[in-house]
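K.L.:
coords please:
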Amino acid sequence: MVSIVGCGLTKLDRYYELSEKDLVSEAYKQLITKIKEYDQPDIVIVSSGYIDVLGKNILSSYKISSGLGLQNTKVMRIENGDNGGASILTAYSFIKSGVAKKVLLIGIDKFSDYPSKYVNEYLSYNLDNDYTYHVGITPHAYSALLMKRYMKKYNVDYEYFTKWPIKMHQNASENPLAYLKFKVDKNTVVNSQIVSDPLRIFDVGARADGASVVLVTADEVAKRYFDSPVKIDGIVGNIGAMNLSDPSLPSVAKARNELGDLPKRDVVYEIHDSYSIMAALEIEELKLAERGKGLDVVDSLDINLSGGLKARGYIGGGTAIYQLGEVFLHLTNQFKGKSANAEKGIILSNDDLGNTSYLAVLSR
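P.N.:
Residues are numbered from 1 along each chain as shown. Next up is the predicted model:
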C-alpha cells in the first residue's frame, strides 16, 4: 500500500513579492516541522501547469529541489494543464512498483504577476491549437456554452447555478488558508459581472498563487514519519472530450466506472470546480445526484469544505496536490476550516473543461 505521512500548504493569495521557489519553500518548512523525522525523498515530482509560460521557468524541478537543499534525488516536472492528478498517479505508481519508498509531491503555480488578459491567453493553450485557440475561443466561452446547453436541457434558470458559489464562499469563510474568505448571497451572484453569457464572475474558479507539498511513502516506512498515516487506496484516470451537445463529462464517467459505486456518507470530497457548471456535471457523473440536479444536493454532501477552486482558490497544475493535502488533513483531524468526520476521502482532478480526469481514494 501507499501512504501519505505529511503535507504543507501555503495560504492562497496574490504574492507579488514571492517567486515560485519562495512559495514552495514556505510549504516545505511546514512539512518538515510536522513529521517525526525527515530524510531526503527518493524522487521529487513538481506538478505545475504554467511555470514555464508564466514563470519563464524551464527545468523547474531541478531549480525548486536544489532551492530546498535536496541532493542525491531524482527530479521531474509533470505538465498536464490544470490536472495535477497525473502527478499523484505517478507518485503512487513509483511507490507501488517498488521503484521508490519516498516521493515528495510539489504543487505550484502563480498567476498574479500578469493581468487577466495575458493569463486567459495562456489558459487558452489548453484548447485545440489547430483550430479552437486560433479563432479566439477561451475556456470561459466553452463553459458558458456548456451552461447554456445544460439550462435548456434540464429547464433550469441561472439561479440554479448560484447554489454553488454561495456554498463555496460559505465554506471558504471558515478556512484560514482560503483566498476569498467572504460570504455571498444570491443577489450578489446574480448581479455580478458577466464573463461570457450566462457565465458570471462568481461562477469561475479564482486563480491565485500558492504551493503545496505532500510526502508519500511506502507503508513499511510510513510510521517513521507520522503515527496515523493516510492510505491511498487507489487512483484511476481516463480521457474523453466534454460533450457540448448533450452536457456531460465522459472522462469523469469512465474514471468513476473503474471505481464502482462511490459512498455519500462518511466521506469527504474535493472536486475540480473550475466553473459552476463543471461542479454540477462532476457531481452528476460521480452519481452523487440525478441528471439535472447536481447542485440540489450540495448541502447533503461533505464536498469542497475548503471552499473549492471557486473560493479557496485555484493554483492551476498544483491544485490536485493541494487537494491531496487538504483531504489528508481532514482524515487526520487537522483541517482548520469546516471539517468532516470522514473515514474516506475522494479527490477528483481534471482540467478546466474535464477532458482528462483522475479519481483518487484515500482512507484512514
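K.L.:
Kindly state the beta-bridge partners for the closest residue in space to Ile321 that isn't next to it in sequence.
P.N.:
Setting aside the residues directly before and after it, Ile321 is nearest to Gly107 in space (CB to CB, 6 or more residues apart in numbering), at 2.9 Å. The C-beta positions use only the backbone N, C-alpha and C, and glycine is treated the same way. Note on Gly107: beta-bridge partners Ser47, Ser212, judged by DSSP bridges.
K.L.:
Going along the chain, name the strands of the stretch 251-364 of the chain.
P.N.:
Along the stretch 251-364 of the chain, the segments classed as strands by DSSP state E, counting those that start in this stretch run 267-270, 344-350, 356-363.
K.L.:
Pull the last one out as CSV, backbone CA atoms only.
P.N.:
Output for strand 356-363, consisting of C-alpha atoms alone and laid out as CSV, is shown next (Å, rounded to 0.1, in the frame of the first residue of the first chain):
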residue,chain,number,x,y,z
THR,A,356,-8.9,14.4,-18.6
SER,A,357,-9.8,13.2,-15.2
TYR,A,358,-8.3,11.3,-12.2
LEU,A,359,-10.0,9.9,-9.2
ALA,A,360,-8.0,9.2,-6.0
VAL,A,361,-9.5,7.3,-3.0
LEU,A,362,-7.9,7.8,0.5
SER,A,363,-8.8,6.2,3.8
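K.L.:
Need the contact partners of that strand.
P.N.:
Applying CB atoms under 8 Å, 6 or more residues apart in numbering, the contact partners of strand 356-363 are 4, 80-81, 83, 85-86, 88-89, 92, 230-239, 249, 251-252, 254-256, 258-259, 320, 324, 327-328, 331, 343-350.
K.L.:
partners of it, with directions?
P.N.:
By DSSP bridges, strand 356-363 pairs with strand 230-239 (antiparallel), strand 344-350 (antiparallel).
K.L.:
My read is that Ser339 contacts Leu305, right?
P.N.:
Yes - counting by CB atoms under 8 Å, Ser339 does reach Leu305; the two are 6.6 Å apart.
K.L.:
Give me the common contacts of the two.
P.N.:
Contacts common to Ser339 and Leu305, judged by CB under 8 Å, 6+ apart, are His330.
K.L.:
out of these two, which sits in the more crowded spot?
P.N.:
More crowded of Ser339 and Leu305, by other CB atoms under 10 Å: Leu305, with 26 against 16.
K.L.:
How much space separates the more buried one from Ser143?
P.N.:
23 Å (CB to CB, to the nearest Å).
K.L.:
can you pull the contacts of the residue nearest to Ile321?
P.N.:
Here Gly107 is in contact with 47-48, 84, 87, 211-214, 315, 317-322 (CB under 8 Å, 6+ apart).
K.L.:
next one: Asp52
P.N.:
Neighbours of Asp52 in contact, by CB under 8 Å, 6+ apart: Ile58, Ser60, Glu79.
K.L.:
measure it to Ile108 for me?
P.N.:
12 Å.
K.L.:
cool, Val190 as well?
P.N.:
Relative to Ile108, Val190 is positioned 35 Å away (CB to CB).
K.L.:
same thing with Leu288?
P.N.:
From Leu288 across to Ile108, the span is 30 Å (CB to CB).
K.L.:
Comparing those two, which residue is more hemmed in?
P.N.:
Set Leu288 next to Ile108 and count neighbours by other CB under 10 Å: Ile108 wins out with 34 against 22.
K.L.:
I figured the more buried one was touching Ser47, is that so?
P.N.:
Yes - using CB under 8 Å, Ile108 is in contact with Ser47, at 7.5 Å.
K.L.:
what touches both of the two?
P.N.:
Residues touching both Ile108 and Ser47 (CB under 8 Å, 6+ apart) are Gly317, Gly318.
K.L.:
can you tell me which residues contact Met76?
P.N.:
Ile43, Val44, Ile45, Val46, Ser61.
K.L.:
Which element, helix or strand, includes the second one?
P.N.:
Assigned by DSSP states H and E, Val44 falls within strand 43-47.
K.L.:
average pLDDT across that strand?
P.N.:
When pLDDT is averaged along strand 43-47, the result is 98.
K.L.:
quick check: angle from the following helix or strand past that strand to strand 43-47?
P.N.:
Under the assignment DSSP H and E, the closest C-terminal helix or strand after strand 43-47 is helix 60-67. Computed with axes from the mean of the first three to the mean of the last three CA atoms, to 10 degrees, the direction of helix 60-67 lies at 120 degrees from that of strand 43-47.
K.L.:
how long is stretch 225-243 end to end?
P.N.:
44 Å (CA to CA, to the nearest Å).
K.L.:
what comes up buried for it?
P.N.:
Across stretch 225-243, burial judged by 16 or more other CB atoms under 10 Å covers 225-226, 229-232, 234-238, 240, 242.
K.L.:
burial count for Cys117?
P.N.:
For residue 117 the amino acid is Lys, not Cys. Counted with other CB under 10 Å, Lys117 comes out at 7.
K.L.:
can you map out the helices along the stretch 151-300 of the chain?
P.N.:
Per DSSP state H, counting those that start in this stretch, the stretch 151-300 of the chain carries helices over the ranges 158-161, 163-172, 186-190, 219-222, 250-259, 276-285.
K.L.:
Distance from the helix or strand hosting Thr90 to the middle of the chain?
P.N.:
Per DSSP H and E: Thr90 is located in helix 85-96. For helix 85-96, the separation from the chain centroid amounts to 16 Å (computed by CA atoms, centre = their mean, to the nearest Å).
K.L.:
That one to helix 250-259, inter-axis angle?
P.N.:
30 degrees.
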